[in-house]
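>>> Sharing a model that was predicted from the sequence below.
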Amino acid sequence: MDNTAFSIYDLFVFYEIASLSYLQGFDEFMEEIVEKSTRLFGTRRLAIVLLSESKEKKEYYFGFKNKINLEEMLAIKPENCFVYYFDGGKLGFIYFENDCKISLRSNKMYNIFSKRIEELIKAKFMEQAIKENEEKFKNIFLQSPLGIEIYDKNGRLLEVNRACLDIFGIVNPDELKGFRLFEDPNLPEVQKQKLLGGEAIRYESEFDFDIVKSKKLYNTTKSGKMHIDCSITPLKVNSDICGHIVIVQDITERKRNEEKIRYLTFHDNVTGLYNRHYFEEEIRRLDAERQVPLSIIIGDLNGLKLLNDAFGHFQGDELLKKIADILRKACRKEDIIARWGGDEFAILLPRTDKKTAEQICMRITNLCMEGEVRIPLSIALGCSTKENHLEDINEALNRAEDAMYRQKSMEGSEVRKRLLSALKRTLLENTDETEEHIDRIKNIALKMAEKLGLSEEQLNSVKLLAEFHDIGKVAVPEDLFRKGKSPTPDEIVLMQKHVETGYRIAISFPELSGISEEILHHHERWDGRGYPKGLKGEEISLLARIISIADSYDELIQGMSHEDNPDCTKVLKEIKRNSGIKFDPSLVDLLHTILVL
């Protein structure tokens, strides 16, 4: 796992750091720093010393009895403190102290927090410098990465910097002549009223370039919408407003990342549906009298584990996405659909009676019949309705879950039958297996089993094994069966994995679980050089040895099909040559007895 990955809590801390602002006075800013540092990082003592360009010094202490304590701490720099020098010390420094040693991760967080404070201090000093010295402001104005606009007392635009032109995609600054701040259609009305009242404002909003183009305010290379962080400060001389300064930055990327974080917090990343956490929050929110009747549907997707085992988790994810699409299609806009667990789904239907909930269940079932992803789509469903607002919502949830399990139990046999039928159909359609091949193996294997005097139960297992011994081939890429040339070493390894896949499929079906070991071992050899386990001699089960020799015999005899009269004696000689090597010697003799005598 990547140790540098950020947790959800880390992202929350980043958001808190980003929300730090320096809009009011110095003391208010310091109080906000103290509040955030104590809450987010457990700071017990803090000190800030700020130096402006005019060498004016401002100090703030939290938790210190006097300055001497701070000087002592700065001298020894204990492991439980963190010091950050703003702009290399030119603008002062900030000192944090915790109860215990500061970890590497906490050190990084303090560093990010300090950099944010540094950014805000610089922005504040920038505003002060504008008021104090026009020449100094010009340099800052031209070089600032933030967009800056200057307006006169009537709200007419006087000047903009390069960053502002870039933010708004303006190629020709002359087109902005006559632009008025209070007539900007992208300035929110609430903020406009505050501004007209003489207040300094800061807001985040969506900026619409299509409005700019439709009103022909200026030509811009941009289109659509962006998110901006904008602060507008009245410029005053002797308490009279003589203009406004606007500082703006494009925060579209930040907003997009915040939205991603919010999305991942409440959504399942495979299906795009809500996750269990969000669903449980919504149950609590909607568990109110005005939402009654409140119905709940619980569903359990059939065949997910089988698909994961047979075809891999990618195909399993495709099945989850398919059922999620069906649930969306079957439900209404106001319904809340969530992935409840691995293969379980839950649907919350506010103001919905039992009959309507059952109709939605029927729509889901019908839609499942219309599509397949390797295997038939099916989901066991149970629904329940809370009719009385005094009823515990968890009782309705439990009833829906119980109803789902009852349906799954009643339909389990039929569902497995459909799944098995679909797998066999895939085997015959996409691989080199044929019904005729299966029948021939079954015929030979049964004759051998009967000669050995096996029980009726064992004979039935032989029939199943002949039919499903190669079921794992459904997970092998189809093109390996269509190549027409020898497989590569990697392809051989891939093909050999079909016995393990077949084993996993078999144990998923009660009907096949009794032959799962035989499916796994039917490519083992008498001399121990087979796969997957390298079993030797009678370590290999008898039924697996029977199927192995019957399968090989049929493949060899079919390989002679180009001849006018395929001779079984040639094949038996080949089988005999591998007696004690690949095949059980006693079964080789038995096969010869059955086919020749």
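Happy to help now that I have it.
>>> C-alpha from now on. contacts and neighbour counts both.
Will do.
>>> worst-scoring helix or strand of the protein, pLDDT-wise?
strand 372-373 (a mean of 58; mean pLDDT, DSSP states H and E).
>>> Quick one: mean pLDDT for the helix or strand following it?
Using DSSP states H and E, the helix or strand that directly follows strand 372-373 along the chain is strand 375-376. What strand 375-376 shows for mean pLDDT is 76.
>>> For strand 375-376, name the packing helices and strands.
Based on contacts counted as 3 or more CA pairs under 8 Å, 6 or more residues apart in numbering; DSSP states H and E, the elements that strand 375-376 packs against are helix 393-430.
>>> Which other helices and strands does the helix it packs on contact?
Counting contacts by 3+ CA pairs under 8 Å, 6+ apart, helix 393-430 packs against strand 294-301, strand 375-376, strand 379-386.
>>> who does the second one pair up with?
Using DSSP bridges, the strands paired with strand 375-376 in its sheet are strand 372-373 (antiparallel).
>>> quick one: buried residues of the helix or strand that contains Ala123?
Applying DSSP H and E as the criterion places Ala123 in helix 104-132. Buried residues in helix 104-132, counting neighbours by 16 or more other CA atoms under 10 Å, are found at 107, 109-110, 113-127, 129-130.
>>> pLDDT weak spots in the chain?
Scanning the chain for pLDDT under 70 picks out 1-6, 53-54, 129-134, 136-137, 371-374, 483-484, 561-567, 597.
>>> Break it into its domains for me.
What automatic domain parsing lists as the domains of the chain is 8-140, 144-255, 270-422, 431-596.
>>> Using CSV, lay out the ones you listed together with distance to Leu264.
Formatted as CSV, those follow (distance: least, CA to CA, whole Å):
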stretch, distance to Leu264
domain 8-140, 9
domain 144-255, 14
domain 270-422, 9
domain 431-596, 32
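>>> Asn154: neighbouring residues, count only.
Neighbours of Asn154 under the rule other CA atoms under 10 Å: 13.
>>> Correct me if wrong, but it is in a strand.
No: according to DSSP: H, G, I helix; E, B strand; the rest coil, Asn154 belongs to no strand; its state is coil.
>>> roughly how far out does the helix holding Ala123 sit from the chain middle?
In terms of CA atoms, centre = their mean, to the nearest Å, the centre of helix 104-132 is set 34 Å apart from its chain centre.
>>> which strands and helices sit next to whichever helix or strand comes after that helix?
Once helix 104-132 ends, the next helix or strand along the chain (criterion: DSSP H and E) is helix 134-143. Applying 3+ CA pairs under 8 Å, 6+ apart, we find helix 134-143 packed against helix 104-132.
>>> For Cys299, which residues are in contact?
In this structure residue 299 is Gly, not Cys. If you count contacts by CA atoms under 8 Å, 6 or more residues apart in numbering, Gly299 has them with 344-346, 379-382, 401, 404.
>>> For Asn219, see how far away the closest residue to it other than its chain neighbours is.
Closest residue to Gly299 apart from its sequence neighbours, by CA to CA, 6 or more residues apart in numbering: Leu381 at 4.4 Å. As judged by CA to CA, to the nearest Å, Leu381 and Asn219 stand 57 Å apart.
>>> rewinding a little: show me which of the contacts of Gly299 is closest to Ala288.
Closest approach between the contacts of Gly299 and Ala288, by CA to CA: Ala346, at 18.8 Å.
>>> which stretch of helix or strand covers that closest one?
Here Ala346, judged by DSSP H and E, is contained in strand 344-349.
>>> Show me which strand runs longest in the protein.
Scanning the chain for the longest strand, with DSSP state E as the assignment, gives strand 225-237.
>>> tell me what the helix holding Ala123 is packed against?
Checking 3+ CA pairs under 8 Å, 6+ apart, helix 104-132 ends up next to helix 8-18, strand 81-85, helix 134-143.
>>> Would you give the sheet partners of the second one, along with the direction of each?
Pairing partners of strand 81-85, with direction, according to DSSP bridges: strand 92-97 (antiparallel).
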